[in-house]
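[1] Would you be able to build a 3D model of this:
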Amino acid sequence: MKIRLFSLLLGALAAPGLLLAADKCPISGEDVDPAVTLQVNEKTAGFCCNKCLAKYQENLKVVDEGAAKCPISSEDADAEQRIIHVTTSANFFCCAKCLAKFTEDNKLEAKDEGPAKCPLSGEDASAGHSVNVDGKVTYFCCEKCQKKFTDGLQAVQATPGKCPISGEDADPSKVVYTTAAKAVYFCCAKCKGKYTETQFTAKAE
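    Residues are numbered from 1 along each chain as shown. Below is the predicted model:
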């Protein structure tokens, strides 16, 4: 289930509509090349070729300012010691109209094909259980699968407050998860591992 969830998160974040097994490239659907990988937060994603790896990062809109200083040691960073740090924010709204305006204002590509199969259980999905990530709506069969997916996003501001458009009280069901990705470079594998542990592994426990 953990592998399937990670594959789903990869699909939701950077390859809309592609929910693939861990041994398949999230861009092409082909078998992965073990030599072509990318660390995304605490997980490693595999690709069939460097072209697909580049496309994935393009889809994810990775901000990459190049290797400068290691955030752990402050030493010069090594371009080979690189991860993609993805953060997710939960944006709550008072109504569908404000949600749509946010989607338009932030140039999110709205995509909703309706419920089909739950990508976690394989059961028929329900119109009442969905998650919107960067404009793409994914449907689930039940509250449990929906929660498992949203928990995996590790979103900032996971509870509603005020609608950012109207200023009214937000509705917990009117939410869009937005992602931001940046490249982080380190001086060595040890520092990369320490960053991974403090930023992702420890928070997930």
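[2] and V133, bridged to which residues?
    As for beta bridges, V133 partners with K136, Y177 under DSSP bridges.
[3] hang on, isn't it packed against T150?
    No - using Cβ atoms under 8 Å as the test, V133 is too far from T150 to be in contact (9.4 Å). The C-beta positions use only the backbone N, C-alpha and C, and glycine is treated the same way.
[4] any residues in contact with both of the two?
    Residues touching both V133 and T150 (Cβ atoms under 8 Å, 6 or more residues apart in numbering) are Y177.
[5] in what helix or strand does K147 lie?
    Applying DSSP states H and E as the criterion places K147 in helix 143-153.
[6] What is that helix packed up against?
    In terms of contacts (3 or more Cβ pairs under 8 Å, 6 or more residues apart in numbering; DSSP states H and E), helix 143-153 is packed against helix 2-14, strand 126-133, strand 136-140.
[7] Name the residues of that helix that are buried.
    Buried residues in helix 143-153, defined by neighbour count with 16 or more other Cβ atoms under 10 Å: 145-146, 148-150, 152-153.
[8] Let me know the angle separating it from strand 126-133.
    Taking axes from the mean of the first three to the mean of the last three Cα atoms, to 10 degrees, one finds helix 143-153 and strand 126-133 inclined to each other by 0 degrees.
[9] Tell me which residues touch the residue lying farthest from the centre of the chain, please.
    Distance from the C-alpha centroid of the chain peaks at E75, with 29.2 Å (Cα atoms, centre = their mean). Residues in contact with E75 (Cβ under 8 Å, 6+ apart) are 69, 187.
[10] now do 6 Å
    Applying Cβ atoms under 6 Å, 6 or more residues apart in numbering to E75 gives the contacts C187.
[11] How much space separates it from E65?
    Note on E75: its distance to E65, by Cβ to Cβ, to the nearest Å, is 17 Å.
[12] Is C98 in contact with K162, as I believe?
    No - using Cβ atoms under 6 Å, C98 makes no contact with K162, being 10.9 Å away.
[13] Which stretches in the chain count as strands?
    33-40, 43-47, 78-93, 126-133, 136-140, 171-186 (DSSP state E).
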